[in-house]
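K.L.:
Let's see this in three dimensions:
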Amino acid sequence: MELPETFFKKYCIKNTFFLIESIPYNVYTIPKNDGYFEWYGKKLGIEKGESFERFETLYLESQKMNVNKYIGTTGKTYTDPTLLELVRFAHEEVINNNKTELQKEISVIKQLLQKDYFVCNGKFFDLSMKANGHALINGKRYQIESKCNYNSENFEKKYQTFLEKRILEGANLGTKAKTVLYDKLANNGYYKEDKNIGFEKNEKGFFIYAIVDPYVLYEPNNECYYSFSSAKAGVKINKKRDKIEWEKIEVITPYIHPALPELEYKPFQKVCVGVFDYSKLEKLPPADAIKELIPKEIVRMLQKGYWGQHDAWKPLYKHKEFERQRVEPGSFDQKLIKNKRSSK
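P.N.:
Presented below is the predicted three-dimensional model:
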């Protein structure tokens, strides 16, 4: 489904602006009411523009009218029926089943733009709040950083991919439309950032997963800290006859961790879950069981399930393979420590 150029790309190319919580604050050479921007001794005006979320709503509505035509002209062989059924189960029963008409779904642009930016010549520069910042907007000072995370071209591609999924999801055109959607999701995967849950097909099968953010573990036996990068972890699901079955939790990405059996960066390792009892979940319907595991339990097992005693495959203090991840106190944000007991 080919989408026309979005409003956002056009705006980025034509304008210079601060992007704060999906709202543009445009820069002008004359004074304005919403703040100012000091740049090499020159004072520029800032004026609040209209929220991009409204433009996105209008864009989505206009494109949904083209879905009928797209569905009717798509002549192709779809992914095998079993995989489509797994996609349907993951998408409808596990991830999106709780959505009601009263709940407002987060906009696509807000999902993608998690930070604030300064946009100039189609390039996105990180924006941070600092007391000595060069820009004063709504009473707050901002500093433009040198790091450029996006340009309008690569953001546009990512944005259109997410918009296409949203258009097909909201089309409500029946079985054929859903088949087109699920076929695309089977091949491209799906991740719902606000819920931290997604699914993908890879070389080992079909997985429903969560993203575990970077964290630091404390090892009480040698009083040291060890940093761990982000990881993708989840459960593999299969369909046997008319029943959906799920397997135990494993890391999907190459990873090293005390709760994993191998002391090298390998993907698809089963996680040692300690005292966690799978048998209680096995009595639940598959969708309910998976929702209990993802993302809450998966994140807990990797970030908070280690105490450095007899609860791990490979204790941190005993194996040199973990030394490369050892970090000094003060070299990281204290909020990253996930397993150190309170002194109280």
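K.L.:
Is the closest residue to residue 25 other than its chain neighbours in a helix, a strand, or coil?
P.N.:
In space, and not counting its chain neighbours, residue 25 is closest to residue 18: 4.2 Å by CB to CB, 6 or more residues apart in numbering. (Glycine included, C-beta is placed from N, CA and C.) Assigned with DSSP: H, G, I helix; E, B strand; the rest coil, residue 18 falls in the strand class.
K.L.:
Likewise for residue 183?
P.N.:
Secondary structure, three-state DSSP: residue 183 is helix.
K.L.:
Repeat that for the one 4 residues further on.
P.N.:
For residue 187, the assignment made with three-state DSSP gives helix.
K.L.:
Now do it against residue 43, distance only.
P.N.:
Distance, residue 187 to residue 43, by CB to CB, to the nearest Å: 51 Å.
K.L.:
Residue 87 now?
P.N.:
The value you get for residue 87 to residue 43, if CB to CB is used, is 54 Å.
K.L.:
who has more neighbours, these two?
P.N.:
With neighbours defined as other CB atoms under 10 Å, residue 87 and residue 43 compare such that residue 87 has more, 24 against 10.
K.L.:
was I right about the more buried one contacting residue 180?
P.N.:
No - the pair residue 87 / residue 180 is not scored as a contact, 11.7 Å apart, by CB atoms under 8 Å.
K.L.:
Skip the chain neighbours and tell me the closest residue to residue 182.
P.N.:
Nearest one to residue 182, counting by CB to CB, 6+ apart, is residue 87 at 4.4 Å.
K.L.:
in the host helix or strand of the one you found, what's buried?
P.N.:
Assessed by DSSP states H and E, residue 87 sits inside helix 81-88. Neighbour-count burial for helix 81-88, counted by 16 or more other CB atoms under 10 Å, picks out 83-84, 86-88.
K.L.:
Report the strands that pair with the top strand by length along the chain, each with its relative direction.
P.N.:
The residue-count maximum for a strand in the chain (DSSP state E) belongs to strand 140-151. Strand pairing for strand 140-151, using DSSP bridges, gives strand 123-129 (antiparallel), strand 135-137 (antiparallel).
K.L.:
From residue 230, how far off is residue 329?
P.N.:
For residue 329, the distance to residue 230 (CB to CB) stands at 22 Å.
K.L.:
oh, I was asking about residue 292
P.N.:
On the measure of CB to CB, residue 292 and residue 230 end up 22 Å apart.
K.L.:
for the stretch 1-150 of the chain, what spans make up the helices?
P.N.:
7-14, 52-64, 67-73, 81-88, 108-112 (DSSP state H, counting those that start in this stretch).
K.L.:
How about the stretch 201-344 of the chain?
P.N.:
Under the criterion DSSP H, counting those that start in this stretch, the stretch 201-344 of the chain carries helices at the ranges 279-282, 286-292, 298-303.
K.L.:
ok, residue 21 - contacts?
P.N.:
Residue 21 makes contact with 110, 116, according to CB atoms under 8 Å, 6 or more residues apart in numbering.
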